[in-house]
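> Sequence first, then the predicted structure:
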Amino acid sequence: MTDWLLVATTATEANLLAARWQMALTLGSHIILATFGVGLPVLLLAAEGRYLATGDREWRSLAHRWSKVFAVLFAVGAVSGTVLSFELGLLWPTFMSRYGAMIGFPFAMEGFAFFLEAIFVGIYLYGWDRLPRWAHWWCGVPIAISGVASAWFVVTVNAWMNCPRGFRWEEGRVVDVDPIAAMLNPCTGAQTAHMIVAAYMVSGFLIASCYAWAILRHGETVYYRRAMTLGLLLGTLMTPVQFVVGDWSAKVVAETQPVKLAAMEGQFKTEAGAPLRIGGWPDEATRTTNYAIELPGMLSWLAYKDRDAVVRGLDDFPQDETPPVAVVHIAFQVMVGAAGFLMIVSLWTLAVGAFRRRLPQGRVYLLLVVCAGPLALLALEAGWVVTEVGRQPWIVHQMERTADAVTAAPYVGTLLVGTLAVYAVMGVGTVVVLRHLASAPGEEVPRDA
Amino acid sequence: MTPDVLALLLIVIGLTVYTLFAGADFGAGIWQVNTALGATKKERALLYGAIGPVWEANHVWLIFVVVMLFGAFPPAFAAICQALWLPLVLAVAGIVFRGVGFAFRSYSVGAEREQLGWEIVFAIGSTAAPFFLGMAVGALASGRLVVTDAGQFDGNYATGWVSPLALFMGFFTVGMCAFLTAVFLVREANQQGDPQLTDLWRSRALATGIWMGILTGVGLLYVSTDAPLLWDGFQRRSGALVAGSVVAGVATIVALVSRWYRGAVFAACAAVTAVIWGWALAQYPWLVPPSITIEEAKAPDRVLWFLIATAACGAVLLVPALGYLMWLFKVGRRQDQ
């Protein structure tokens, strides 16, 4: 736990802490924006598609407003992504120098997907009055596709850091590089699917959450109800999918990174028929996880499909190769807990929808939907903490330590302070502009916007 | 052609397109600063309208350059980031504020004061980005970034990169962006049938064009005194490009005077392109003179071929899409005005 507090004794350690906090801040913000880049285009297409099908201007009005929200988030995401691409070199020059060749290919593919997205975003946003209706809708399709493609390529890089494949290390250089094997490593499938489904869930639930709040405050209108329904459709349909993908993801972690699984579950001792712990607080001094509800044999079964399977505990690994257990375990509990809540909301919504052809009614349901958005976001961030902190102390799993990858340059602390200031301005600005958009009257098309 | 040279070629192409198009987008903000935000409503509409649909796509060329650089020449990227961290961080800050400033101003319609605030942010960011990117290029080109065998920058992180050429290049790049914007906007104003704005931008284009001609000469003086390695390369390889740049610069002025605006756009692009390629050719084969050559920094051949193939396949998708974007907003503008 201590390495997450800003307590550093040496210059390198100080750099490492500052650099990790900087990555946490910038990636933690970017992941939200990127998520909207994946999910919002789908909602836009749905709303505009309803307009094309029905000719109802309210649908167009909804799509038009969402397109402005998307424009703001896309612009902020584009610049925060640029920050990240430079940060790779500014903070982790050793890592980039050694492994840039391994991750360049997927990043190049991602670059092109992003390029295509940016081009069609320009056409879509400024083409409302310039293109025929159907052509405008079709210009949204490449945005939705390249959003998913970008997410896929970027997450393959993270998957590679968890499951480094496709090269040998010889005389301080990577040799025998196989970019395809690196990209399609054993972690790629589950991790990319998990992230993309999460992006859809977060976008759907957050949109639904905003409009549920609007209904609670201002009363129900057709406009609000439609907006909320579209968001809920995306979110609630994706949630059951995520349970399957999440299970797959955990099995891959068990297979490829048993130490991460042990940290996630607070499993200190190696044991057969390991229990699934719900909640609890891992104590690294006594090597036990206290106050947890334990379901006997369930962890063995979930991870290896066998209630008696042996699950390796943290004590089985060298002390200096295990991640901070408390952070990983608690983040994992938060993610699973939030996901459980979303599952309840989803099942309720889907059941009522299937039998009554409408959404559940009443204030309680609306309140639950209001909570679903922030909780989906919380689950996203917590899941990201699990995979990143759970990989520590490695930047490339069992190949390179994070501490060896960080720059020795003296600027890291200054950079962190500056970045905090810039991101504060960016965050406040985004909120102010989105609020302005939310309060603006609908259905005007600004000439220069 | 070996894959490392091919990859370098792609990087220089990316850098060129970025300079031409994103440079012109930066120029819009630079002109806002130059006129102390005193532009009339009509002028502002032209400025912001011109960059609105295209600036995001133009920005991606920078990402392309960065990604190609770290994928194809990883140690060079690491060295550049370390040694030039200060100008690069300031440039990225400029890029951030330019981007959010533009997006936020576009969607603050109706809130006058906020919109003005974001326009100021946009204008300052747009000026800072090319200024510091230019400084970084100048610092690189002046050939004094010493990197140890372990890949560590061997110098003062705060001031080690500063050189006369670096400082000069900051101002030169800002001027170049302002020049490109002025030339591009003459054509757009003319296309929209606005004689008043056309004349305004024509006079601005002429003035910056003449200034940039003088500054290019001064720049060569800086190179000859401050960057011996680069100067050597200029003398041996870049003569034709220097001459080409001069010819294209003069052609821009002539085209502007004779009101042939499309010709001016092409000539201005050619002039700027010749400057960039003159520099690239002169510096070859050094990526970070005098420390890292492309031979030392290149990734394994297979990686390079994958990157080149990605660029080739990407181009098949991108070129028509980009063409459509430009046709829609740059060629077909007249019809709806």
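Cool, the structure landed. Numbers count the residues shown, from 1 in each chain, chains lettered A, B, ... in the order given.
> what's the spacing between the residue of the stretch 51-200 of chain A found nearest chain B and B:Leu10?
Nearest to chain B, among the residues of the stretch 51-200 of chain A, is A:Gly104, at 1.8 Å (C-beta to the nearest C-beta). For every residue, glycine as well, the C-beta is placed using N, CA and C. Using C-beta to C-beta, to the nearest Å, we find A:Gly104 at a distance of 12 Å from B:Leu10.
> Of these two, which one has the most company?
Comparing A:Gly104 with B:Leu10 by other C-beta atoms under 10 Å in any protein chain shown, the one with more neighbours is A:Gly104, at 31 against 21.
> quick one: pLDDT of the residue of the stretch 51-200 of chain A closest to chain B?
In this model, A:Gly104 is scored at 91, pLDDT.
> Name the nearest residue to the residue at the greatest distance from the centre of chain B, sequence neighbours excluded.
Largest separation from the mean C-alpha position in chain B: B:Gly110, at 32.9 Å (C-alpha atoms, centre = their mean). On the basis of C-beta to C-beta, 6 or more residues apart in numbering or on different chains, the spatially nearest residue to B:Gly110 that is not a chain neighbour turns out to be A:Ala440, at 6.3 Å.
> Please apply the same query to A:Asn290.
A:Trp281 (5.4 Å).
> got the contact list for that neighbour?
A:Thr289, A:Asn290, A:Tyr291, A:Ala292, A:Ala326, A:Ile330 (C-beta atoms under 8 Å, 6 or more residues apart in numbering or on different chains).
> mind listing the helices for chain A?
A:11-54, A:57-91, A:93-126, A:133-162, A:179-183, A:188-218, A:222-256, A:258-265, A:298-304, A:325-356, A:363-389, A:402-405, A:412-439 (DSSP state H).
> Throw those helices into a markdown table and include distance to B:Gly239, thanks.
Converted to a markdown table, those look like this (distance: least, C-beta to C-beta, whole Å):
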| stretch | distance to B:Gly239 |
| --- | --- |
| helix A:11-54 | 45 |
| helix A:57-91 | 34 |
| helix A:93-126 | 34 |
| helix A:133-162 | 42 |
| helix A:179-183 | 40 |
| helix A:188-218 | 50 |
| helix A:222-256 | 57 |
| helix A:258-265 | 59 |
| helix A:298-304 | 68 |
| helix A:325-356 | 61 |
| helix A:363-389 | 52 |
| helix A:402-405 | 44 |
| helix A:412-439 | 42 |
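> and of the ones you listed, who's closest to B:Ala141?
helix A:57-91 (18.7 Å; C-beta to C-beta).
> thinking again about what came up before, ChimeraX command to pick out the buried ones of the contacts of A:Trp281?
Buried residues within these, by 16 or more other C-beta atoms under 10 Å in any protein chain shown, are selected in ChimeraX with:
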select /A:289,292,326,330
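> Give me the neighbour count for A:Asp316.
16.
> any idea how far it is from chain B?
35 Å (C-beta to the nearest C-beta, to the nearest Å).
> Can you give me the pLDDT of the closest residue to that residue other than its chain neighbours?
Computed as C-beta to C-beta, 6+ apart, the closest residue to A:Asp316 that is not its neighbour in sequence is A:Thr270, at 4.8 Å. Per-residue confidence (pLDDT) for A:Thr270: 92.
> Contacts only, for A:Thr270.
Contacts of A:Thr270 (C-beta under 8 Å, 6+ apart): A:Val310, A:Val311, A:Arg312, A:Gly313, A:Asp315, A:Asp316.
> B:Val98 reaches B:Gly29, doesn't it?
One correction, residue B:98 is Arg, not Val. Yes: look at B:Arg98 against B:Gly29 with C-beta atoms under 8 Å: they come within range, at 6.2 Å.
> Common neighbours of the two, please.
B:Phe122, B:Gly125, B:Ser126.
> Residue ranges in the stretch 51-200 of chain A under the pLDDT threshold?
For the stretch 51-200 of chain A, no stretch is flagged by pLDDT under 70.
> what about the helices in the stretch 51-200 of chain B?
B:55-72, B:74-83, B:85-106, B:112-141, B:164-191, B:195-226 (DSSP state H, counting those that start in this stretch).
> Export these as CSV, with columns for mean neighbour count and distance to chain A.
Converted to CSV, the helices of the stretch 51-200 of chain B look like this (neighbours: other C-beta atoms under 10 Å in any protein chain shown; distance: least, C-beta to the nearest C-beta, whole Å):
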stretch, mean neighbour count, distance to chain A
helix B:55-72, 25, 2
helix B:74-83, 28, 3
helix B:85-106, 24, 3
helix B:112-141, 23, 7
helix B:164-191, 24, 14
helix B:195-226, 18, 15
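> What's the local residue count around the closest residue to A:Ala339 other than its chain neighbours?
For A:Ala339, ignoring the flanking residues on the chain, the nearest one in space by C-beta to C-beta, 6+ apart is A:Ala379 at 5.4 Å. Around A:Ala379 there are 26 other residues, counting by other C-beta under 10 Å.
> Might you report the residue contacts of A:Ala379?
Counting by C-beta under 8 Å, 6+ apart, the residues that A:Ala379 touches are A:Ala198, A:Val334, A:Met335, A:Ala338, A:Ala339, A:Leu342.
> Farthest pair within those?
So, the contacts of A:Ala379 by C-beta to C-beta: farthest apart are A:Ala198 and A:Val334, at 13.9 Å.
> The two - which one has more neighbours?
In this comparison of A:Ala198 against A:Val334, neighbours counted by other C-beta under 10 Å, the higher total goes to A:Ala198 at 27 against 18.
> which residues does that one contact?
A:Thr35, A:Gln242, A:Ala379, A:Leu380, A:Gly383.
> and the last one, how far is that from chain B?
Right, A:Gly383. 26 Å.
> Skipping adjacent residues, who's closest to that residue in space?
Nearest one to A:Gly383, counting by C-beta to C-beta, 6+ apart, is A:Met335 at 4.6 Å.
> wouldn't that neighbour be in contact with A:Trp384 here?
No: taking contacts as C-beta under 8 Å, A:Met335 lies outside contact range of A:Trp384: 9.1 Å.
> shared neighbours, those two?
Joint contacts of A:Met335 and A:Trp384 (C-beta under 8 Å, 6+ apart) do not exist.
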